Every structure is written in C-alpha cells, then in structure tokens.
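>>> Quick one, what's the 3D model for this:
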Amino acid sequence: MFTNKSCGGRVRSIVIGMMILGILFAGSAGAMTLTVNANGGADYTKIQDAIDNANAGDTILVYSGTYLRM
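Numbers count the residues shown, from 1 in each chain. Predicted structure coming up:
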C-alpha cells in the first residue's frame with residue numbers, strides 16, 4: 001500500500017523528469033537542416049559554405065554528386 005509520502009515523492013520525480021526532458025528538447029528547437037547540392041536547387045552548392053553557416057545542433061544534408069575543392 002502506498003502512503004502519501006511515497007506518492008508525493010513519485011510525483012515529484014515524475015515532474016523533475018518531465019522538466020529535464022523539456023530542457024533537452026528545447027535546446028534542439030532552433031536546429032535547422034541545411035542542404036547541399038553541387039548541381040544547385042539546395043541551400044548551398046559547396047559543403048564548406050554549409051559548414052561555415054551551420055550552428056550547433058544543425059544538420060547538413062549533402063546530396064550525392066561530385067564536389068570539387070576550390
């Protein structure tokens with residue numbers, strides 16, 4: 001049988017856990033996906049340009065193709 005004390009502790013643990021998850025998910029809320037396609041039609045045509053403009057948490061999606069260093 002649960003007492004009021006143990007139930008309150010469980011509720012507090014659940015609330016703290018939900019707060020931690022909220023903080024973790026809030027950090028990725030502004031993350032973007034940057035696309036790179038050497039043939040055009042994407043955010044960038046050069047991989048380095050996407051890297052230079054990326055922020056922490058962003059994803060860079062590189063389409064298949066031939067990318068030359070310049």
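
>>> what ranges do the strands span in this structure?
33-36, 59-62 (DSSP state E).

>>> Between the ones you listed, which one is closest to Met18.
Met18 lies closest to strand 59-62 among these, at 26.1 Å (C-beta to C-beta). Heads up, the C-betas are built off the backbone N, CA and C, glycines and all.

>>> Can you spell out which helices and strands pack onto that closest one?
strand 33-36, helix 47-53 (3 or more C-beta pairs under 8 Å, 6 or more residues apart in numbering; DSSP states H and E).

>>> Can you tell me which of the ones you listed is most buried?
strand 33-36 (a mean of 16; mean count of other C-beta atoms under 10 Å).

>>> and that one, how far out from the chain's middle?
13 Å (C-alpha atoms, centre = their mean, to the nearest Å).

>>> any idea of the mean pLDDT for it?
Here strand 33-36 scores 96 as its mean pLDDT.

>>> Return the list of helices and strands in contact with that strand.
helix 47-53, strand 59-62.

>>> Ends of stretch 39-58, what's the gap?
End-to-end distance of stretch 39-58 (C-alpha to C-alpha, to the nearest Å): 22 Å.

>>> So which residues of this protein form helices?
4-26, 47-53 (DSSP state H).

>>> By mean pLDDT, show me the worst of those helices.
helix 4-26 (a mean of 69).

>>> Out of the helices and strands packed on strand 33-36, the one nearest Ile16 is which?
strand 59-62 (29.8 Å).

>>> Against Met70, how distant is the nearest residue to Leu61 once chain neighbours are set aside?
Nearest non-adjacent residue to Leu61, counting by C-beta to C-beta, 6 or more residues apart in numbering: Thr35, 4.9 Å away. Separation of Thr35 from Met70 (C-beta to C-beta, to the nearest Å): 19 Å.

>>> that older thread, make CSV out of the helices and strands packed on strand 33-36 and add distance to Gly41.
CSV is the format used below for the helices and strands packed on strand 33-36 (distance: least, C-beta to C-beta, whole Å):
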stretch, distance to Gly41
helix 47-53, 14
strand 59-62, 13
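
>>> That concludes my questions; thank you for your assistance.
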